[in-house]
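Participant: fold the following and give me the result.
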Amino acid sequence: MKIFCGTDIIEIDRIKSSIEDRGTLFLNKIYTQAEIEYCEGRKNAKYQHYAGRFAAKEAIFKAISETLEDKYEITWSDVEIVNDKFGKPKVHFLNKKFNVQCEISISHCKSYATATAIIVDD
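Facilitator: Alright, predicted model coming up:
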């Protein structure tokens, strides 16, 4: 068993600007429909949640890259961040090629969002 860790931090305004500048092109490239619906439902805090999911995916990419032959084997649309019934973020790998366990933690404040991912590869 191998354990890998990745972390990321992003300015919330950077994600907000990308969404405002590129609209659905940016949203559909980075997020799944379920993620978009979740973030849009957060009203005034939606950009914090978009940024948190962006940071989570980046953290996952950093952690999982050790298990890949080519870092471009995984794309934004291969990973979906959802919340369980208690609000804890969970990772769904939509591409069945990635057979690893992943735990994720996301946090945000007014200006930044951060995430840490732990990958366990049997």
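Participant: any idea which helix or strand comes after the longest helix anywhere in the chain?
Facilitator: Taking DSSP state H as the assignment, the helix of the chain that covers the most residues is helix 46-64. Sequence-wise, the next helix or strand downstream of helix 46-64 (DSSP states H and E) is strand 79-83.
Participant: report the secondary structure state of F86.
Facilitator: Of the three states, F86 takes coil according to DSSP: H, G, I helix; E, B strand; the rest coil.
Participant: now the phi/psi pair for it, please.
Facilitator: phi -100, psi 0 (degrees, to the nearest 10).
Participant: mind checking how far it is from Q48?
Facilitator: With the distance defined as Cβ to Cβ, to the nearest Å, F86 ends up 19 Å from Q48. Quick note: C-beta positions are derived from backbone N, CA and C, even for glycine.
Participant: between those two, which is the more surrounded one?
Facilitator: Neighbours per residue, other Cβ atoms under 10 Å: of F86 and Q48, the larger number sits with Q48, 22 against 5.
Participant: quick check: phi and psi at D84.
Facilitator: The phi/psi pair for D84 (degrees, to the nearest 10) reads phi -80, psi -180.
Participant: show me what contacts the closest residue to it other than its chain neighbours?
Facilitator: Closest residue in space to D84, ignoring its immediate chain neighbours: K90 at 5.4 Å, by Cβ to Cβ, 6 or more residues apart in numbering. Going by Cβ atoms under 8 Å, 6 or more residues apart in numbering, K90 touches 81-84, 104.
Participant: what would those residues look like in JSON lines with neighbour count?
Facilitator: Listed next are the contacts of K90 as JSON lines, based on neighbours: other Cβ atoms under 10 Å:
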{"residue": "I81", "neighbour count": "25"}
{"residue": "V82", "neighbour count": "14"}
{"residue": "N83", "neighbour count": "12"}
{"residue": "D84", "neighbour count": "8"}
{"residue": "I104", "neighbour count": "24"}
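Participant: ok, so of the residues you listed, who is nearest I9?
Facilitator: I104 (14.2 Å; Cβ to Cβ).
Participant: the residue nearest to D84: which element?
Facilitator: strand 89-93.
Participant: what is the rounded mean pLDDT of that strand?
Facilitator: Strand 89-93 shows a mean pLDDT of 96.
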